[in-house]
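Enquirer: All I have is the shape, not the residue letters:
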């Protein structure tokens, strides 16, 4: 994986953030913690791209695209190493993702490949727990299922962050 990269995140409204932070607290109380980033859905990760160009693209994109409503109502896993919340109807977020990637999709590198249009693998998700052993993932899964999550969420902003370490670059409001 690349040492430094830029990440574009779809950020939620305050009410959704508060609900997701409460879920993180429940997981943390059960010694299952992954709360180093703001609640989000990653739209893309980019390498070898001008930070200013990505800022201009994101700003223009947000000026011309509406907020997106989704329902976080489904649990998913990646290889029993990541557990996440997703939506049973992902058309709105996938449309937003596709429109955003009409520019700069080729700058995905290894770190952003699964978010690229080229890969056709984009899975909109809000990570709950990552890089843990399967026993912790299974424990988190049981806790999450007992909560019966069904969150009406709105994506209201798009943020650009640099990794690693994390540095917030700029956040733009969708119209």
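Expert: Sure thing, it's come through. On a predicted model such as this, the values are computed, not experimentally measured, just so you know. Numbers count the residues shown, from 1 in each chain.
Enquirer: Sticking with the residue lying farthest from the centre of the chain, tell me its helix or strand.
Expert: Relative to the centre of the chain, the most outlying C-alpha is that of residue 135, 23.7 Å out, by C-alpha atoms, centre = their mean. Per DSSP states H and E: residue 135 is located in helix 134-147.
Enquirer: so how far is that helix from its chain's centroid?
Expert: Relative to its chain's centre, helix 134-147 lies at 20 Å (C-alpha atoms, centre = their mean, to the nearest Å).
Enquirer: Can you spell out which helices and strands pack onto that helix?
Expert: helix 14-29, strand 74-78, strand 82-86, strand 126-130 (3 or more C-beta pairs under 8 Å, 6 or more residues apart in numbering; DSSP states H and E). (C-beta placed from N, C-alpha, C; glycine too.)
Enquirer: average model confidence for it?
Expert: Confidence over helix 134-147, taken as the mean pLDDT, stands at 94.
Enquirer: hmm, who's touching that helix?
Expert: 23, 26-27, 30, 32, 75, 77, 80-83, 85, 128-129, 132 (C-beta atoms under 8 Å, 6 or more residues apart in numbering).
Enquirer: so what's residue 107 up against?
Expert: Counting by C-beta under 8 Å, 6+ apart, residue 107 has contacts 46-49.
Enquirer: need the contact list for residue 94.
Expert: With C-beta under 8 Å, 6+ apart, residue 94 has these contacts: 122, 124.
Enquirer: which parts of stretch 154-164 are buried?
Expert: 155-161, 163 (16 or more other C-beta atoms under 10 Å).
Enquirer: Stretch 76-89 too?
Expert: Applying 16+ other C-beta under 10 Å to stretch 76-89 flags 77, 82-87 as buried.
Enquirer: need these in CSV with pLDDT, can you?
Expert: What follows is the buried residues of stretch 76-89, written out as CSV (pLDDT from 0 to 100):
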residue, pLDDT
77, 93
82, 92
83, 94
84, 96
85, 96
86, 96
87, 93
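Enquirer: biggest separation within the residues you listed, which pair?
Expert: 82 and 87 (16.4 Å; C-beta to C-beta).
Enquirer: separation between the residue farthest from the centre of the chain and residue 35?
Expert: Relative to residue 35, residue 135 is positioned 20 Å away (C-beta to C-beta, to the nearest Å).
Enquirer: Repeat that for residue 139.
Expert: For residue 139, the distance to residue 35 - C-beta to C-beta - is 17 Å.
Enquirer: That concludes my questions; thank you for your assistance.
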